[in-house]
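Enquirer: sequence plus the predicted model coming up.
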Amino acid sequence: MRILVASFMLLMTVHHSIAQSRINIIPKPSMVHELEGQFVLNNNKIYVSAQFREVAVLLSDLMRWKQNRIFLLTKGAVAPAGSIIIEKTKGNKQDSASYTLDIKTKTVRISSAGYAGAINAMQSLAQIILTQDNKNQLPCARIQDQPRFGYRGLMIDVSRHFFPPSFIKKMIDLIGLYKINTLHMHLTDAAGWRIEVKKYPALTAQAAWRTSYGWKKWWNTDRDYVNEGDANAYGGYYTQLEAKELVAYAQKRGITIIPEIEMPGHSEEVIAAYPQLGCVGGKKGQGEFCLGNDSTFIFMQDVITEMMAIFPSTYIHIGGDEAGKSNWKSCSKCQQRIKDNQLKDEFELQSYAIRRMEKFISSKGRQLLGWDEILEGGLAPGARVMSWRGEKGGIEAARMGHDVIMTPGGTCYFDKYQQDPATEPEAIGGFLPLQKVYEYEPMPKELEADKQKHLLGAQANLWTEYVPTMEHAEYMIFPRIIALSEAVWSERKNMEWTDFQYRLSQHFKLLQRLNVNYCRPSDRLEIRPLIDAPAGSTSITLSSEQYKPEIRYTTDGNMPSSNSTLYTGPFSITGSALVKTAIFRKGRMSQHPDTIDINLHKAIGKTITYNKKYSSSYVAQKEATLINGYRGSLTYQDGQWQGFLNDVDVTIDLGKEENLSKLRSTFMQVIGPGVYMPHHVEVSLSKDGTQFTTLEKVLNDVSATDPKLIFKTFEVPLKGQSARYVRFVAKLQRGFLFADEIIID
Ligand code: ACM
């Protein structure tokens, strides 16, 4: 017992020291050693090695200093006290991203062998400056740092909604601050073509403009294109000059821009402007290029040639995702191509097209990058893969010796909700809170050690169907990209959620100073029960996106008040209880309390028989799910919601006859991904397991067209009847059913 207390105290001490630090860099550096004293910033001189001059300019701009304070660091030059020194160390690692940063009372010294490292050091220094209360006084420290992964990316979809160069520059500034070194721009899609191509002017005169602003309205109505200049046209594009400026702007900040030009699918806008590139004359709405037509390849090569002149990136992204195969099936030219090249099917036809592009791109000294569908029908020899449909494609490609970037939908798609959907602007669906991003591990456990070198890193994707404005884009990106930056830069052993939360709490000052519309941390409390059914007790853990908030709770169903029990750590309750809890500030509850109904009901841990099977895609806790006492949260991906593509039909054996008062079961509806309420629920009771008496149905009354996330508890009165076997049926309406628990009292 004594030892336990002692180690707890030690933990508390460590925690305390974390909280006192004034060096709060994200992503967490390999080593931070805070020292006594401080360095005073005041229009300091900067001495810089010639190769890194641009780094000095960036620092000077950040501080709004005069550029005539920048001096070249030449052999034998002695920087006077009060200087900032940015020096290139010996070594031929021009691309080294590692650095040291020494802040002493007399000088600040940045050292790196590579430009990327010098930029990274400058960004660490910028973070230290921008997170101080007094920006002119820097705590002394020695920092040594290098990245875990070489590829750290963000993708912005500028097709579904267009964002101007000024916004892209703001994002470059901000992600650079967090050592994200790649900006992938999704430049083309049905919703609009976004880059000038000299050879094909209709791409920007027409394919860049659509009939209405909001993507959803446009997609759900005419999906038409109009000409630039039309009164109601919505769209935009980057001129080649603007794109080149963005490339140069990013390069100075150590960021590579990768252009993505979609093929062979997601190309409705191109085929609208150039119908001859579609199958049989390119009828309206066709999204796939005709692959039997050589003009398609000429078009793609022409476009890629112009892109390569703008974007010096090693990788050229050609999309490759979600191409429909039906037009190719009925197109004589596509079928002829299949025949001529002895291809097996339309998947091999797609692979043929990607291989042809890969040959072209690699002949120009670049590398083809595509979404993981490019594996289908056979991966082109030099292709690199972006794994988005989970990690399977990435693992497969890495095992084949291809380089891979991870961007699985579940943890890297920033178009999902990040807090309670009821409190957020409409999103595409799903749930990706900050902590889940933070805990993302890019290296799959199953990837063999000798293949791990092919995993280059990870990337967040902001698809913008539901992100119409720049403010909203910032809200979706921040702070989640900050969490991802640590997941791709820092060693796992240096990462800890509470420590990150503290450092992030210091970065809100920085984000506010830079006018970032970041998603504010939620006041919702995550309530995690740990049920000990045999003991009849439950341990409750509460956590929050807020850093160390004042949490109070009750266990008797009453509203918590400023006098209710203060949460200091996991607590235990016996039997059933209604726990209500909230964050308090200045004696006031911050929002409506979060509650959990701990219900140690009669079915927990009993025997359940599935008369119909649950879906293999959403097994949750398998046979334990519906009778384990655990309730589902806001997302059906949390491992407590079980999915069904048929009726829920289970029989629970209570082990002995019991007097029953009621049965309750909650269902979720979120129609975007096809999750619906049951048509009705029905309960049958039996004493012997063969003869069942069926009770009155309880009908659903939730509209199947309501787009909100809805939970409904169906309650069936059992009126004290005695039974040992309870059969529960929830009738499938359409799509999926999701249930988390069958509560029998
Ligand atoms: C994708 O999300 N279709 C790459």
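Expert: That came in fine, so what should we check first?

Enquirer: going by C-alpha atoms from here, please, whenever you check contacts or count neighbours.
Expert: Fine.

Enquirer: closest residue of the protein to the ligand?
Expert: Across the chain, the shortest distance to the ligand (Cα to the nearest ligand atom) belongs to residue 321, at 5.4 Å.

Enquirer: hang on, isn't that residue packed against residue 371?
Expert: Yes - contact criterion Cα atoms under 8 Å: residue 321 and residue 371 qualify, at 5.5 Å.

Enquirer: looking at those two, which is more packed in?
Expert: residue 371 (23 against 17; other Cα atoms under 10 Å).

Enquirer: list the contacts for the more buried one?
Expert: Contacts for residue 371 were tallied using Cα atoms under 8 Å, 6 or more residues apart in numbering; they are 319-321, 385-388.

Enquirer: list the contacts of residue 325.
Expert: 346-347.

Enquirer: please read the previous query as pertaining to residue 300.
Expert: residue 357.

Enquirer: residue 603 now?
Expert: By Cα under 8 Å, 6+ apart, the neighbours of residue 603 are 627, 652, 654, 742-744.

Enquirer: which of the residues you listed are buried?
Expert: Among these, those classed as buried by 16 or more other Cα atoms under 10 Å are 627, 652, 654, 742-744.

Enquirer: mind listing the strands for the stretch 551-700 of the chain?
Expert: Defined through DSSP state E, counting those that start in this stretch, the strands belonging to the stretch 551-700 of the chain, from first to last, are 565-566, 571-574, 577-585, 588-589, 594-598, 607-610, 642-644, 648-669, 680-686, 693-694, 698-699.

Enquirer: would you turn those strands into a markdown table with distance to the ligand?
Expert: What follows is these, written out as a markdown table (distance: least, Cα to the nearest ligand atom, whole Å):
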| stretch | distance to the ligand |
| --- | --- |
| strand 565-566 | 44 |
| strand 571-574 | 42 |
| strand 577-585 | 37 |
| strand 588-589 | 40 |
| strand 594-598 | 34 |
| strand 607-610 | 35 |
| strand 642-644 | 23 |
| strand 648-669 | 23 |
| strand 680-686 | 35 |
| strand 693-694 | 46 |
| strand 698-699 | 37 |
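
Enquirer: residue 135 is nearest to which of those?
Expert: When the strands of the stretch 551-700 of the chain are ranked by distance to residue 135, counting by Cα to Cα, first place goes to strand 577-585 at 27.9 Å.

Enquirer: could you give the angle of that closest one to strand 594-598?
Expert: The directions of strand 577-585 and strand 594-598 differ by 160 degrees, with axes from the mean of the first three to the mean of the last three Cα atoms, to 10 degrees as the criterion.

Enquirer: what's strand 577-585 in contact with?
Expert: Residues outside strand 577-585 that contact it (Cα under 8 Å, 6+ apart) are 523-525, 549-560, 562, 589-599.

Enquirer: where does this structure have low pLDDT?
Expert: Along the chain, segments meeting pLDDT under 70 span 1-20, 92.

Enquirer: could you find the closest non-adjacent residue to the residue nearest to the spatial centre of it?
Expert: Compute the mean C-alpha point of the chain, and by Cα atoms, centre = their mean the closest residue is residue 412, 2.9 Å away. In space, not counting the residues next to it along the chain, residue 412 is nearest to residue 460; the distance is 4.6 Å by Cα to Cα, 6 or more residues apart in numbering.

Enquirer: what does residue 292 give?
Expert: Excluding the flanking residues, the one nearest residue 292 by Cα to Cα, 6+ apart is residue 334, at 4.0 Å.

Enquirer: separation between residue 455 and residue 183?
Expert: 18 Å (Cα to Cα, to the nearest Å).

Enquirer: residues touching residue 311, list them.
Expert: If a contact means Cα under 8 Å, 6+ apart, then residue 311 has 244, 247, 257-259 as its contacts.

Enquirer: what do you get for residue 323?
Expert: Counting by Cα under 8 Å, 6+ apart, residue 323 makes contact with 264-266, 287-288.

Enquirer: show me what counts as buried in stretch 435-451.
Expert: Of the residues in stretch 435-451, those scored as buried under the neighbour-count criterion (16+ other Cα under 10 Å) are 435-443, 447, 451.

Enquirer: Three-state assignment for residue 262, please.
Expert: Assigned state for residue 262: strand (three-state reduction, DSSP: H, G, I helix; E, B strand; the rest coil).

Enquirer: can you start the count at 373 instead of 1 from here on
Expert: Yep, numbering from 373; the last one is residue 634 now.

Enquirer: count the residues that sit near it.
Expert: Using other Cα under 10 Å, residue 634 has 25 neighbouring residues.

Enquirer: next one: residue 773
Expert: Residues within reach of residue 773, counting by other Cα under 10 Å, total 18.

Enquirer: am I right that it sits in a strand?
Expert: No - per three-state DSSP, residue 773 lies outside any strand segment and is coil.

Enquirer: OK, contacts around it?
Expert: Taking Cα under 8 Å, 6+ apart as the contact definition, residue 773 lies against 823, 826.

Enquirer: hmm, back to that, which element is the residue nearest to residue 664 on?
Expert: helix 704-712 (DSSP states H and E).

Enquirer: give me the contacts around the next helix-or-strand element following that helix.
Expert: Towards the C-terminus, the helix or strand next in line after helix 704-712, according to DSSP H and E, is helix 718-735. Taking contacts as Cα under 8 Å, 6+ apart, the residues outside helix 718-735 that touch it are 636, 663, 669, 672-673, 688, 692, 697, 700-701, 706, 709-710, 715, 739-740, 746-755.

Enquirer: angle of helix 718-735 against helix 704-712?
Expert: In terms of direction (the same axes, to 10 degrees), helix 718-735 departs from helix 704-712 by 80 degrees.

Enquirer: just checking: what are the partner strands of the helix or strand following helix 718-735?
Expert: Scanning the chain past helix 718-735 towards its C-terminal end, the next helix or strand to appear is strand 739-743 (assignment: DSSP H and E). Paired neighbours of strand 739-743 in the sheet (DSSP bridges): strand 687-691 (parallel), strand 756-759 (parallel).
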